[in-house]
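A.B. asks: coords please:
(one chain, ligands or ions: 2)
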Amino acid sequence: MQAYRAATLHLLDDPIADAGAVRFHPDGLLVTDEGVVVACGAYADLAADLGDTPVEHLPGRLITPGFIDLHIHFPQVDVIAAHGEQLLDWLERHVFPAEAAFADPAHAAEAAGFFVGEMLRNGTTTAMVFGSSHVASVDALFAEALARNMRLIAGKSLMDRHAPDDLVDTVEGGRWDMLDLIVRWAGQGRLGYAVTPRFAVTSSDAQLAMAGEIVRDHPEVWMQTHLAENHAEIAQAEALFPAASDYLNVYEHFGLVGPKSVFAHCIHLERQAFARLSAAGAAVAFCPTSNLFLGSGLFDLEAALAEGVKVGVGTDIGAGTSYSILHTLGEAYKVGQLRGAALDPLRAFYLATLGGARALGLGDRIGNLARGKEADFLVLDLAATPLLARRMAAARSLEERLFALTILADDRVIERTYLAGVCQHRRDG
Ligand code: GUN
Ligand code: ZN
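C.D. replies: Ligands and ions are numbered 1, 2, ... in the order given. Below you'll find the predicted structure:
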């Protein structure tokens with residue numbers, strides 16, 4: 001057993017729906033054993049049961065669950081911060097050429113080390129990830145995540161049209177690549193496979209139908225794609241699928257909207273489309289840094305939550321501008337401000353932890369520090385910079401501290417990142 005004494009914070013539910021869901025202990029204790037949480041509570045309540053388990057004392061630190069990045073692109077590591085375009089031109093000019101390089105296993109392996117390392121440096125312990133269309137990219141990513149025992153769900157992008165020759169696959173090629181990846185990786189360690197049609201624009205009817213067949217025949221897999229991010233994208237998708245009643249209906253038609261489906265963005269959606277996502281049990285990845293960077297628009301979080309849609313947050317690297325989920329929450333707040341709806345700091349923290357876990361259907365395994373959960377947790381240094389130290393000293397409440405963290409923090413705040421009870425990142429080490 002391992003025991004860590006520090007302030008502890010985690011949530012048992014959405015704190016706006018249930019004010020009793022907040023578990024905060026200024027002098028707390030987290031006990032783990034063989035990668036699982038044994039207890040998390042007040043030090044005074046738990047200390048007597050520790051026996052001879054050594055306690056690591058971390059004064060001034062805050063222990064939280066690890067963050068969940070619900071949407072990120074591995075083969076875009078080198079195109080973060082690419083100037084000038086909105087979505088469709090940005091894809092053609094910057095993204096597709098960069099993704100083509102991931103056909104090379106050596107390049108993919110080198111990039112995977114950086115990519116996974118960067119997520120851990122920023123406190124991300126679970127991620128749902130797009131690979132390139134090449135099997136080699138997903139192999140490299142899964143190998144790196146497995147070596148770290150990271151919970152990671154990924155898939156190769158399916159794209160059989162409207163992309164350069166060195167990226168496009170075919171219906172049958174995509175099917176066999178996926179089946180091969182599922183057999184070799186799904187269920188190994190904490191890895192999962194996601195059927196990943198890039199978006200309706202780059203897959204033919206036949207390829208989307210094939211993706212739907214794989215989803216139907218493999219209940220163990222997830223599904224991830226993009227939806228209603230940008231006006232030109234929506235117009236193109238609707239023109240390519242004239243029989244569909246709207247963009248979401250394209251995915252519905254091919255059996256791609258279910259309880260293990262995650263749709264990135266969903267900015268320009270009708271209210272009734274949120275209702276359909278909710279009825280299907282599908283989830284949305286809110287990616288504020290990306291939506292602001294590409295000028296895509298302002299996600300209506302309140303509408304999605306009011307319709308009962310499961311929502312988590314994604315960095316959407318490389319359209320997103322930071323690997324930090326804390327920073328992403330700060331930008332989510334700013335998107336809310338532009339809409340006239342200030343995001344509550346505790347709800348933001350929920351979206352990054354248990355909300356993301358529930359979006360993946362993993363709320364029983366990760367997302368908080370309840371007994372029996374996988375011990376994916378962070379040690380945060382709230383005084384990591386002089387500015388943070390000063391602002392924290394002036395803060396009067398937990399909410400104020402959390403909010404300041406989302407506005408001011410970066411990777412320096414993440415002192416340690418633990419995956420299944422093992423420290424996989426140490427800021428100073
Ligand atoms: N839509 C289709 N592909 C992409 C992508 O790589 N990034 C974003 N943000 N949107 C997309
Ligand atoms: Zn994306």
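
A.B. asks: Going along the chain, name the helices of the stretch 301-429 of the chain.
C.D. replies: Using DSSP state H, counting those that start in this stretch, the helices of the stretch 301-429 of the chain run over residues 301-306, 325-339, 345-352, 354-359, 386-394, 398-408.

A.B. asks: Out of those, the one nearest residue 5 is which?
C.D. replies: Put simply, out of these the one that sits nearest residue 5 is helix 398-408, at 18.2 Å, with distance taken as CB to CB. The way it works is simple: take the backbone N, C-alpha and C, and place the C-beta from them, glycine included.

A.B. asks: Pull out the CA atoms of that closest one and give them to me as PDB.
C.D. replies: Coordinates of the C-alpha atoms in helix 398-408 are reproduced here as PDB (Å, rounded to 0.1, in the frame of the first residue of the first chain):
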ATOM      1  CA  LEU A 398     -11.900  26.300  -3.000                       C
ATOM      2  CA  GLU A 399     -13.800  27.500  -6.000                       C
ATOM      3  CA  GLU A 400     -11.700  30.700  -6.200                       C
ATOM      4  CA  ARG A 401      -8.500  28.600  -6.000                       C
ATOM      5  CA  LEU A 402      -9.700  26.200  -8.700                       C
ATOM      6  CA  PHE A 403     -10.800  29.000 -11.000                       C
ATOM      7  CA  ALA A 404      -7.500  30.800 -10.600                       C
ATOM      8  CA  LEU A 405      -5.800  27.500 -11.500                       C
ATOM      9  CA  THR A 406      -7.700  27.200 -14.700                       C
ATOM     10  CA  ILE A 407      -6.900  30.700 -15.700                       C
ATOM     11  CA  LEU A 408      -3.200  30.900 -14.600                       C
END
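
A.B. asks: avg pLDDT for it?
C.D. replies: Average pLDDT, helix 398-408: 98.

A.B. asks: interface residues of the stretch 101-250 of the chain facing ligand 1?
C.D. replies: Within the stretch 101-250 of the chain, the positions near ligand 1 by CB under 6 Å from any ligand atom are 198-199, 226, 229.

A.B. asks: Of the residues you listed, keep whichever come out buried.
C.D. replies: Burial of those was assessed by neighbour count (16 or more other CB atoms under 10 Å); the buried members are 198-199, 226, 229.

A.B. asks: circling back: just send the helices of the stretch 301-429 of the chain back as a markdown table, with distance to ligand 1 too.
C.D. replies: A markdown table is the format used below for those (distance: least, CB to the nearest ligand atom, whole Å):
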| stretch | distance to ligand 1 |
| --- | --- |
| helix 301-306 | 18 |
| helix 325-339 | 14 |
| helix 345-352 | 19 |
| helix 354-359 | 18 |
| helix 386-394 | 30 |
| helix 398-408 | 22 |
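
A.B. asks: Compare these and report which one is nearest to residue 106.
C.D. replies: Comparing these by their distance to residue 106 (CB to CB), the top pick is helix 325-339, with 29.8 Å.

A.B. asks: Quote the end-to-end distance of stretch 41-60.
C.D. replies: Between the opening and closing residues of stretch 41-60 we find a distance of 17 Å, counting by CA to CA, to the nearest Å.

A.B. asks: now it, how far from the centre of its chain.
C.D. replies: Distance, stretch centre to chain centre, for stretch 41-60: 31 Å (CA atoms, centre = their mean, to the nearest Å).

A.B. asks: again, but for stretch 13-28
C.D. replies: In this view, stretch 13-28 has its centroid 22 Å away from the chain centroid, taken as CA atoms, centre = their mean.

A.B. asks: Same list (the helices of the stretch 301-429 of the chain) but as a markdown table, adding mean neighbour count and distance to residue 313.
C.D. replies: Listed next are these as a markdown table, based on neighbours: other CB atoms under 10 Å; distance: least, CB to CB, whole Å:
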| stretch | mean neighbour count | distance to residue 313 |
| --- | --- | --- |
| helix 301-306 | 18 | 10 |
| helix 325-339 | 22 | 5 |
| helix 345-352 | 24 | 5 |
| helix 354-359 | 28 | 7 |
| helix 386-394 | 13 | 21 |
| helix 398-408 | 19 | 11 |
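
A.B. asks: Columns distance to ligand 2 on top of these, output as a markdown table?
C.D. replies: Compiled in a markdown table, those are given as follows (distance: least, CB to the ion, whole Å):
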| stretch | distance to ligand 2 |
| --- | --- |
| helix 301-306 | 17 |
| helix 325-339 | 13 |
| helix 345-352 | 17 |
| helix 354-359 | 15 |
| helix 386-394 | 30 |
| helix 398-408 | 21 |
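
A.B. asks: Mind checking those for the one nearest to residue 116?
C.D. replies: Residue 116 lies closest to helix 325-339 among the helices of the stretch 301-429 of the chain, at 15.0 Å (CB to CB).

A.B. asks: Now do the closest one: everything it contacts.
C.D. replies: With contact meaning CB atoms under 8 Å, 6 or more residues apart in numbering, helix 325-339 is reached by 67-69, 122-124, 286-289, 291-292, 298-302, 313-315, 320, 322, 342-343, 348-349, 351-352, 403, 405-410, 413.

A.B. asks: Please apply the same query to stretch 394-408.
C.D. replies: Counting contacts by CB under 8 Å, 6+ apart, the residues outside stretch 394-408 that touch it are 9, 22, 24, 326-327, 329-330, 333, 344-346, 348-349, 380, 382, 385, 387-388, 391-392, 413.

A.B. asks: what's the answer for stretch 413-429, then?
C.D. replies: Stretch 413-429 has contacts (CB under 8 Å, 6+ apart) with 2, 32-36, 61, 66, 117, 120-123, 125, 148-151, 190, 326, 374-382, 384, 388, 405, 411-412.

A.B. asks: Report the separation between the two terminal residues of that stretch.
C.D. replies: Stretch 413-429 stretches 14 Å from its first residue to its last (CA to CA).

A.B. asks: Would you mind checking the average pLDDT for it?
C.D. replies: When pLDDT is averaged along stretch 413-429, the result is 96.

A.B. asks: May I see the buried residues of that stretch?
C.D. replies: Along stretch 413-429, these residues count as buried under the neighbour rule (16+ other CB under 10 Å): 413-421, 424-425.

A.B. asks: same deal with stretch 258-277?
C.D. replies: Applying 16+ other CB under 10 Å to stretch 258-277 flags 258, 260-269, 273-274, 276-277 as buried.

A.B. asks: In strands only, show me the buried residues of stretch 413-429.
C.D. replies: With strands defined by DSSP state E, the entries of these inside them are 414-419, 424-425.

A.B. asks: Tabulate those residues in a markdown table, adding columns for distance to ligand 1.
C.D. replies: A markdown table is the format used below for those (distance: CB to the nearest ligand atom, whole Å):
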| residue | distance to ligand 1 |
| --- | --- |
| 414 | 25 |
| 415 | 31 |
| 416 | 31 |
| 417 | 25 |
| 418 | 30 |
| 419 | 26 |
| 424 | 27 |
| 425 | 26 |
